[in-house]
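Asks: no FASTA, just this:
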Ligand code: SF4
């Protein structure tokens, strides 16, 4: 009997019991885990390359997936404040992720939003017990420094690692969104035997990936966030965040924005500046945004 790879585990277990007729199983989950032959998963960021990979998976499912295989789409959502359910992603991007995930599910795929136990505020308020700079020991961590982001490690990558560990007993293939015109990234991908690129397999450039997302009306708002130009898909509290991203948070989650700005006034911070390269403080940004100066791009250029 041919099972749909997109079925969830419970559905698989029902089909198994039905297909085997009178035989009863008390531990269907264990049997089920063994039954899945290969788990194909796409770590989906919402960007054009990973979204195009999901579309290619749909278009070529029968060539790629055997009966008994399962397909999962994973999105690791970084949270600013878990307790108050405030995402670390731009609100328009999060809306897009939910809307697009629902379409993927209507195609029969299973989509999981993964969350770490930690959020940005946990990282911010963490007391340093060791540091290359002994003066920082005992201080509150503070903002994430450029190039040394603990949020990426603890809030973004850990949930995916945890998910992989939970599925350790199943053979897995990970599909990474790397296009044919990214040779250096592909070369590094080829060193991992259980990783593949659907964009490479179907000869898609980055521009082709963008076009495919447009065709399916699945181009993330990240590509027009920066006053109609390409924005970032990272966290809005990132040291690389642009003024327009902060302005979006001010507009959609004013409490989150106020909280973020207030962090600058916390005492004894090991990393007291939201962006160690910027001359501008968050309080100054707050003033610019509230006075409406964010509309003029040149302010950002002049101040950074
Ligand atoms: S977007 Fe910035 S803050 Fe978020 S994980 Fe990446 S580097 Fe860290």
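Replies: Structure's in. What do you need? The structure presented is a predicted model; accordingly, all values stated were derived computationally and were not measured.

Asks: Next to the ligand, which bits of the stretch 1-150 of the chain? Give me the list.
Replies: 78, 144, 149 (Cβ under 6 Å from any ligand atom). Just so you know, the C-beta spots here come from the backbone N, C-alpha and C atoms, and that holds for glycine as well.

Asks: if we go to 5 Å?
Replies: Within the stretch 1-150 of the chain, the residues that sit near the ligand (Cβ under 5 Å from any ligand atom) are residue 149.

Asks: Where do the strands of the stretch 151-300 of the chain begin and end?
Replies: For the stretch 151-300 of the chain, strands defined by DSSP state E, counting those that start in this stretch occupy the ranges 171-175, 195-196, 269-271.

Asks: for those, which one sits closest to the ligand?
Replies: With Cβ to the nearest ligand atom as the criterion, the ligand lies closest to strand 269-271 of the strands of the stretch 151-300 of the chain, at 12.3 Å.

Asks: Does the ligand have contacts with the closest one?
Replies: No. Applying Cβ under 5 Å from any ligand atom, one finds strand 269-271 out of contact with the ligand, separated by at least 12.3 Å.

Asks: which residues touch that strand?
Replies: The contact list for strand 269-271, computed with Cβ atoms under 8 Å, 6 or more residues apart in numbering, reads 128, 131, 133, 136, 139, 140, 141, 142, 143, 144, 145.

Asks: how many other residues sit next to residue 131?
Replies: Number of residues near residue 131 (other Cβ atoms under 10 Å) recorded here: 13.

Asks: pLDDT below threshold where in the stretch 201-304 of the chain?
Replies: Along the stretch 201-304 of the chain, segments meeting pLDDT under 70 span 226-231, 293-304.

Asks: Apply 50 and report the result again.
Replies: The model of the stretch 201-304 of the chain has pLDDT under 50 over residues 298-304.

Asks: which stretches of it form helices?
Replies: 206-215, 243-252, 254-262, 282-290, 297-303 (DSSP state H, counting those that start in this stretch).

Asks: which of those sits most buried?
Replies: Compared across these, helix 243-252 shows the largest average neighbour count, a mean of 20 (mean count of other Cβ atoms under 10 Å).

Asks: and the gap between residue 153 and residue 118?
Replies: Per Cβ to Cβ, to the nearest Å, residue 153 is found 10 Å from residue 118.

Asks: List the contacts of residue 266.
Replies: By Cβ under 8 Å, 6+ apart, the contact set of residue 266 is 124, 140, 142.

Asks: I'd like to know which of those residues are part of helices.
Replies: residue 124 (DSSP state H).

Asks: ok, the contacts of residue 266 vs the ligand, which is closest?
Replies: Of all the contacts of residue 266, residue 124 has the smallest distance to the ligand: 11.3 Å, by Cβ to the nearest ligand atom.

Asks: coming back round to it: could you dump the strands of the stretch 151-300 of the chain to JSON lines with mean neighbour count?
Replies: Shown next, in JSON lines, are the strands of the stretch 151-300 of the chain (neighbours: other Cβ atoms under 10 Å):
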{"stretch": "strand 171-175", "mean neighbour count": "17"}
{"stretch": "strand 195-196", "mean neighbour count": "17"}
{"stretch": "strand 269-271", "mean neighbour count": "19"}
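
Asks: Now render these as CSV, adding distance to residue 207.
Replies: As requested, the strands of the stretch 151-300 of the chain are exported to CSV (distance: least, Cβ to Cβ, whole Å):
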stretch, distance to residue 207
strand 171-175, 20
strand 195-196, 21
strand 269-271, 38
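
Asks: quick one, which of the ones you listed is nearest to residue 213?
Replies: strand 171-175 (15.7 Å; Cβ to Cβ).

Asks: Would you mind pulling the contact partners of that closest one?
Replies: So strand 171-175 is in contact with 37-43, 53, 57, 164, 192, 194-198, going by Cβ under 8 Å, 6+ apart.

Asks: for stretch 178-189, same thing?
Replies: The set of residues external to stretch 178-189 that reach it, using Cβ under 8 Å, 6+ apart, is 49, 176, 195-197, 199-200, 203-206, 208-209.

Asks: returning to what we had before: of the contacts of strand 171-175, which is the most crowded?
Replies: residue 53 (28 neighbours).
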